[in-house]
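*Asks:* next comes the sequence, and after it the predicted model I'd like to discuss.
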Amino acid sequence: EADIYQTPRYLVIGTGKKITLECSQTMGHDKMYWYQQDPGMELHLIHYSYGVNSTEKGDLSSESTVSRIRTEHFPLTLESARPSHTSQYLCASRDAGGSPLHFGNGTRLTVT
Amino acid sequence: AQSVTQPDIHITVSEGASLELRCNYSYGATPYLFWYVQSPGQGLQLLLKYFSGDTLVQGIKGFEAEFKRSQSSFNLRKPSVHWSDAAEYFCAVTSGTYKYIFGTGTRLKVLA
C-alpha cells in the first residue's frame, strides 16, 4: 500500500518540452526528497525539502526546480527537457532524523 | 568521506539456498543503516533498519541483517531464498541529517 504517490509512471516527451513530475504523500512528513536513479549507479539526490517553503538543491547538478507550497505535495519541474534528462526519478519522504525514507514507485522519463 | 560499498554487482543463487548480500560503510559517527529492495519498475521498499541496540535485526519477508561495528559492515541474510526474492537490493546509511548515502545495489537472480 503506497503512502507516497508519483505521477506519471512513464513519460516519453520531446526535447525542449516543459514537464512536471508530481509527488504527493499522505503521511504528514515534513522532509521530502527527489532522487535520480540510473542503472548500476547509486541514487543521486537532486532536491530536498525540510518543510513548506523550504527547498534545497542536492549533490547532483540538476536543471530542474521544485516547489513546496503544501506539506503533502513536492512537484519537480523541467523547464526544457533534454535527452540527458532521461532517467528514473524517485520521490521520497521521511519523519524525524534517522528515520527510513519512504519511496514512491518512480517516474521513468524518456526524452527523445 | 561517507560512502557505502556493495561489492557484489550480481549474485545468483538457487531457490531454497541461503543468501548473504554484503554492505560496507564508511562513516564517522554511529550510523543509521537500512536495506531496501527494488523490483523492476518499482520504487525502493524498506526491508529493515538498524538504529542501535541488538546488532541482529529482523526485517520483512524473512530477511535479517547483522551490524558489525568492527568490520563496518551491515550484511543482509536470508536462510532460504524464494523465486520472488529476485530483485535489486540497496544498502543505505545516514547520520541523522538530511543526507542518505546509497550503495550501487546488488542484483539478485534466483534459479528454479
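*Replies:* The structure has been received and is ready for your questions.
*Asks:* residue A:110 reaches residue A:15, doesn't it?
*Replies:* No: applying CB atoms under 8 Å as the test, residue A:110 and residue A:15 come out as separate, 11.1 Å apart. The C-beta positions use only the backbone N, C-alpha and C, and glycine is treated the same way.
*Asks:* not counting its neighbours along the chain, what's nearest the most centrally placed residue in chain A?
*Replies:* In chain A, the residue lying closest to the centroid (CA atoms, centre = their mean) is residue A:34, at 3.2 Å. Nearest non-adjacent residue to residue A:34, counting by CB to CB, 6 or more residues apart in numbering or on different chains: residue A:47, 4.4 Å away.
*Asks:* before we move on, which element is that neighbour in?
*Replies:* Here residue A:47 sits within strand A:44-51, counting by DSSP states H and E.
*Asks:* mind listing what's buried along that strand?
*Replies:* The neighbour-count check on strand A:44-51 (16 or more other CB atoms under 10 Å in any protein chain shown) flags A:44, A:45, A:46, A:47, A:48, A:49 as buried.
*Asks:* and the spatially most central residue of chain B, what are its bridge partners?
*Replies:* Ranked by distance to the mean C-alpha position of chain B (CA atoms, centre = their mean), the top residue is residue B:35 at 3.7 Å. Judged by DSSP bridges, the bridge partners of residue B:35 are residue B:48, residue B:91.
*Asks:* shouldn't it be in contact with residue B:22?
*Replies:* No: Residue B:35 is beyond contact range of residue B:22, at 11.3 Å (criterion: CB under 8 Å).
*Asks:* before we move on, back to that, is it true that the residue nearest to the centre of chain A touches residue A:46?
*Replies:* Yes: Residue A:34 is in contact with residue A:46 according to CB under 8 Å; the separation is 5.0 Å.
*Asks:* between the two, what contacts are shared?
*Replies:* Listed as contacting both residue A:34 and residue A:46 by CB atoms under 8 Å, 6 or more residues apart in numbering or on different chains are A:58, A:64, A:76.
*Asks:* got a winner among these for most neighbours?
*Replies:* Per-residue neighbour counts (other CB atoms under 10 Å in any protein chain shown) across the shared contacts of residue A:34 and residue A:46 peak at residue A:76, which has 22 neighbours.
*Asks:* residue contacts, that one?
*Replies:* A:20, A:21, A:23, A:34, A:46, A:47, A:64, A:65, A:66, A:89, A:91.
*Asks:* just the residues you listed: which are in strands?
*Replies:* A:20, A:21, A:23, A:34, A:46, A:47, A:64, A:65, A:66, A:89, A:91 (DSSP state E).
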